[in-house]
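> Turn this into a model:
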Amino acid sequence: MMDLRDGTELLTVSEASSPETTDSSPPEAEQRVTWDNKAQYLLSLIGFAVGVGNVWRFPYLCQVHGGGAFLIPYFIMLFLEGLPLVYLELSLGHRFRSGTVGTWRQVSPALTGIGIAMNCTSYIVGCYYIIVMVWSLFYLFNSFHDPLPWMTCNGVTGTTMMNGTEVKVSDICNSSTSKFFWYNTAVQASSDIEHPGKMIWQLALCLILAWVILFVCLVKGIKSSGKAVYVTAVFPYVSLIILFFRGVTLQGAGKGIAFLFTPDWSKLYDPIVWLDAASQIFFSLSVAFGALITYTSYTDPNAKSTPLKDTLTVSFVNCGTSLFASIVIFSVLGFKAEDQGIDVKDVASGPGLAFIAFSEALGLMPGAPFWSVLFFLTLIALAVDSMFGTIEVLLTDILDELEQKWQFITKSRVLLALCFSGLLVGLVFVLQSGYYTFQLFNTFSITLPLLVIALCECIAVAWVYGAERFGNDMERVTGRFPQRLWLYMWKYVSPLVVSLILVGSIIAQGINPINYNIYHNYTESGNGQYPPWALFCASLMIFIIIGPIPVRFLLYYIQRWRTRNGYLVQTDDTLMGHVTSAGGSVYRSLDDTDSN
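Just a heads-up that it's a prediction; the model follows:
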């Protein structure tokens with residue numbers, strides 16, 4: 001087995017004659033700020049893992065993939081890939097106590113690109129994910145009306161031609177008021193992604209407000225976000241419990257819940273069901289983003305480390321939240337189906353579930369404004385917690401790498417730069433074509449890059465660093481060697497499962513046409529075709545995320561080849577560099593030392 005860590009040996013100038021290596025723990029670990037208590041740490045982990053996907057994607061997958069039968073592949077994949085990967089990332093955070101770049105540099109300098117890829121992922125995802133918070137803020141502000149504005153067609157006038165027939169726009173609106181409001185008032189959708197249209201000033205103001213909220217909550221790093229999670233991580237559960245008791249008392253609630261969980265065992269023979277179950281577990285637990293490593297690096301080094309216990313807590317709370325949210329969602333949708341005499345199976349997925357189907361169901365309930373405010377506050381809290389994690393990854397790595405080098409680098413300045421740049425990028429999502437751009441980012445910026453990063457994680461720790469070696473490290477950190485089962489999972493099972501998901505996802509995208517939902521002439525269609533420039537941007541986005549992994553790997557070995565016959569004095573350090581130490585660092589070829 002090749003050990004990439006043994007390519008060159010790091011020695012300080014004063015120790016160049018000594019064959020002993022130094023501890024790989026970061027020198028700033030002892031001075032690193034820590035969480036005030038264990039509760040802040042766990043709430044931050046849970047808040048990051050539990051996001052809007054638990055509310056709008058899991059219920060949809062459960063409904064279309066056999067109801068209760070879908071839970072079988074879901075929980076199997078939880079044990080095969082979910083738990084091992086979460087345990088691995090939390091263990092990395094406890095062991096190296098550094099940001100993602102610093103962590104992977106210590107695993108192997110050649111694999112620093114994994115940390116850079118995590119940063120690229122967090123930035124790109126954060127720039128478009130915040131639009132969910134923007135939409136939720138827009139709906140929240142519109143919830144202080146009775147009746148709710150998406151339940152009426154007041155002021156809708158004019159006519160349009162449909163299939164050669166003149167039709168009143170008000171009649172189209174009355175056929176689905178919530179859908180009409182979403183496309184014509186909220187996102188004001190243009191005909192397709194090639195027609196950007198104008199900027200929607202209401203959404204632009206909500207975008208500014210969203211970034212201001214995040215800046216205020218994160219201005220002191222985990223010291224401020226750690227206090228914010230007492231509200232943002234707990235509130236969604238309080239509101240879901242309130243919505244649960246209201247939902248199950250509605251007429252037709254039993255119909256919706258029964259439809260959700262009635263098993264269709266024949267679905268278990270469909271490979272797409274297993275692929276979706278694996279993908280949902282993977283993304284729901286938020287592995288490969290780097291936030292789990294980053295958050296864990298701030299735990300108190302003098303406190304008892306319990307990565308396995310924390311893994312089980314976060315994972316089962318996350319999955320339990322998905323199940324509980326599904327019951328809440330479908331109890332209300334069952335009420336809507338009963339009230340309107342429609343079938344529950346005609347429910348939408350993604351944003352359509354929250355902003356069209358569920359918002360309309362809320363409008364049918366007595367006291368609709370209250371329930372609407374409660375629901376959209378829940379979505380905002382879920383989005384805020386997820387954004388905390390993505391920004392903290394970037395903030396931590398930039399400060400870890402550059403704060404000691406440049407005096408003008410401070411936490412508040414870096415955070416302001418991140419928020420302002422995110423705001424500028426986010427403006428593309430508040431154009432009339434913004435909903436289509438959101439779909440482009442959501443389709444291409446997550447699935448393949450995160451799977452590649454996760455696969456590299458497993459290979460780096462289990463095969464490059466060495467599973468046994470990492471187990472010994474964790475024994476020193478926690479006082480107990482990890483059970484052999486976990487080492488086997490990291491070495492064989494999880495990489496195999498992630499590889500199968502990766503191959504399956506590539507095949508699925510190759511077989512199925514890559515379409516997006518469009519809204520043209522008051523008609524919704526899923527047949528939108530991305531133009532070549534959009535596909536090029538998507539490909540470029542994927543390369544930007546995963547490109548640092550092979551690029552850094554090659555640069556490392558080019559540098560090693562150039563310096564293997566002598567000494568290289570290293571007095572500078574960057575995100576692509578190795579390690580700095582006072583007085584400079586020297587890299588000596590092990591081939592030379594071994595021959596002496």
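> Any stretches of the stretch 1-150 of the chain with poor pLDDT?
For the stretch 1-150 of the chain, residues meeting the criterion pLDDT under 70 lie at 1-30.
> ok, which stretches of it are helices?
For the stretch 1-150 of the chain, the helices identified by DSSP state H, counting those that start in this stretch occupy 38-49, 52-56, 58-64, 71-77, 83-96, 100-107, 112-141, in order along the chain.
> can I get these in a markdown table with mean neighbour count and distance to S326?
In short, each C-beta sits where N, CA and C put it, glycine included. Output for those, formatted as a markdown table (neighbours: other CB atoms under 10 Å; distance: least, CB to CB, whole Å):
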| stretch | mean neighbour count | distance to S326 |
| --- | --- | --- |
| helix 38-49 | 22 | 17 |
| helix 52-56 | 23 | 9 |
| helix 58-64 | 22 | 4 |
| helix 71-77 | 19 | 10 |
| helix 83-96 | 25 | 21 |
| helix 100-107 | 28 | 32 |
| helix 112-141 | 24 | 19 |
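> Looking at those helices, spot the one closest to L431.
helix 112-141 (11.2 Å; CB to CB).
> For T306, which residues are in contact?
T478 (CB atoms under 8 Å, 6 or more residues apart in numbering).
> redo that, cut-off 10 Å
Taking CB atoms under 10 Å, 6 or more residues apart in numbering as the criterion, T306 is in contact with 38, 90, 94, 299, 312-313, 478, 480.
> ok, of the residues you listed, which one's closest to T100?
Compare each of the contacts of T306 with T100 using CB to CB and the shortest gap goes to L90, at 13.3 Å.
> ok, how many other residues are close to H520?
Counted with other CB atoms under 10 Å, the burial measure for H520 works out to 14 neighbours.
> ok, it touching E194?
No - judged on CB atoms under 10 Å, H520 makes no contact with E194 at a distance of 11.9 Å.
> what is in contact with those two at once?
Shared contacts of H520 and E194, counting by CB under 10 Å, 6+ apart, come down to G528.
> where's the residue nearest to V430 when sequence neighbours are not counted, which helix or strand?
The spatial neighbour of V430 that comes closest, neighbours along the chain excluded (CB to CB, 6 or more residues apart in numbering), is L203 at 4.0 Å. Per DSSP states H and E, L203 falls inside helix 201-218.
> tell me the mean pLDDT over that helix?
Per-residue pLDDT values over helix 201-218 give a mean of 96.
> what angle separates the helix or strand just after that helix from helix 38-49?
Counting by DSSP H and E, the next helix or strand C-terminal to helix 201-218 is helix 222-232. Between the axes of helix 222-232 and helix 38-49, defined by axes from the mean of the first three to the mean of the last three CA atoms, to 10 degrees, the angle is 70 degrees.
> if I pick the closest residue to L423 other than its chain neighbours, what's in contact with it?
The shortest distance from L423 to any residue that is not its chain neighbour, by CB to CB, 6+ apart, is 4.9 Å, and that residue is W211. For W211, the residues meeting the contact criterion (CB under 10 Å, 6+ apart) are 130, 133-134, 387, 391, 416, 418-423, 426.
> picking up where we left off before, ok, which of the helices of the stretch 1-150 of the chain comes nearest Y435?
Go through the helices of the stretch 1-150 of the chain one by one with CB to CB and the one that ends up closest to Y435 is helix 112-141, at 8.7 Å.
> Alpha carbons of the helix or strand following the closest one, as CSV, please.
Next along the chain after helix 112-141, taking DSSP H and E as the criterion, comes strand 159-162. Coordinates of each C-alpha in strand 159-162 appear next as CSV, following Å, rounded to 0.1, in the frame of the first residue of the first chain:
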residue,chain,number,x,y,z
THR,A,159,-56.9,37.1,-21.7
THR,A,160,-54.4,34.8,-23.4
MET,A,161,-54.5,32.3,-26.3
MET,A,162,-54.3,28.6,-25.4
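> which residues sit against the helix or strand just after strand 159-162?
Of the helices and strands lying after strand 159-162 in sequence (DSSP H and E), the nearest is strand 165-168. Where contact means CB under 10 Å, 6+ apart, the residues beyond strand 165-168 that reach it are 156-161, 174, 521-522.
> now the residues you listed as a markdown table including distance to F215 and pLDDT?
Conversion of those to a markdown table gives the following (distance: CB to CB, whole Å; pLDDT from 0 to 100):
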| residue | distance to F215 | pLDDT |
| --- | --- | --- |
| V156 | 38 | 84 |
| T157 | 42 | 81 |
| G158 | 42 | 82 |
| T159 | 46 | 82 |
| T160 | 43 | 83 |
| M161 | 48 | 78 |
| N174 | 42 | 85 |
| N521 | 41 | 80 |
| Y522 | 39 | 83 |
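> Are any of the residues you listed buried, and if so which?
By the neighbour-count criterion of 16 or more other CB atoms under 10 Å, the contacts of strand 165-168 include these buried positions: 156, 522.
> Farthest-apart pair in the contacts of strand 165-168, please.
Greatest spatial distance in those: M161 and N174, 18.3 Å, computed using CB to CB.
> For stretch 87-105, measure first residue to last.
Across its full length, stretch 87-105 reaches 20 Å between end residues, using CA to CA, to the nearest Å.
> Of the contacts of W211, keep whichever come out buried.
For these, a burial check counting by 16+ other CB under 10 Å picks out 130, 133-134, 387, 391, 418-419, 422-423, 426.
> What residues sit buried inside stretch 485-505?
By neighbour count with 16+ other CB under 10 Å, stretch 485-505 contains the buried residues 486-487, 489-491, 493-495, 497-498, 501-502, 504-505.
> what's the offset of that stretch from the middle of its chain?
With CA atoms, centre = their mean, to the nearest Å as the basis, the distance from the averaged C-alpha position of stretch 485-505 to the chain average is 20 Å.
> Export it to CSV, keeping only CA atoms.
Listed next in CSV are the C-alpha coordinates belonging to stretch 485-505 (Å, rounded to 0.1, in the frame of the first residue of the first chain):
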residue,chain,number,x,y,z
LEU,A,485,-16.6,-3.0,11.8
TRP,A,486,-16.1,0.7,11.2
LEU,A,487,-12.6,0.1,9.7
TYR,A,488,-14.1,-2.4,7.3
MET,A,489,-16.9,0.0,6.4
TRP,A,490,-14.4,2.8,5.7
LYS,A,491,-12.1,0.5,3.6
TYR,A,492,-14.5,-1.6,1.6
VAL,A,493,-18.3,-1.1,2.1
SER,A,494,-18.7,2.7,2.0
PRO,A,495,-16.3,3.3,-0.9
LEU,A,496,-18.2,0.6,-2.9
VAL,A,497,-21.6,2.0,-2.1
VAL,A,498,-20.5,5.5,-3.0
SER,A,499,-18.9,4.3,-6.2
LEU,A,500,-22.2,2.5,-7.2
ILE,A,501,-24.2,5.7,-6.5
LEU,A,502,-21.7,7.7,-8.5
VAL,A,503,-21.9,5.4,-11.5
GLY,A,504,-25.6,5.0,-11.2
SER,A,505,-26.1,8.8,-11.1
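> what's the average pLDDT for it?
Stretch 485-505 shows a mean pLDDT of 93 in the predicted model.
> go on, stretch 452-464?
Rounded mean pLDDT across stretch 452-464 is 95.
> Contacts only, for the nearest residue to N54 once chain neighbours are set aside.
For N54, ignoring the flanking residues on the chain, the nearest one in space by CB to CB, 6+ apart is S322 at 4.6 Å. Contacts here follow CB under 10 Å, 6+ apart; on that basis S322 touches 50, 53-55, 57-59, 61-62, 74, 280-281, 284.
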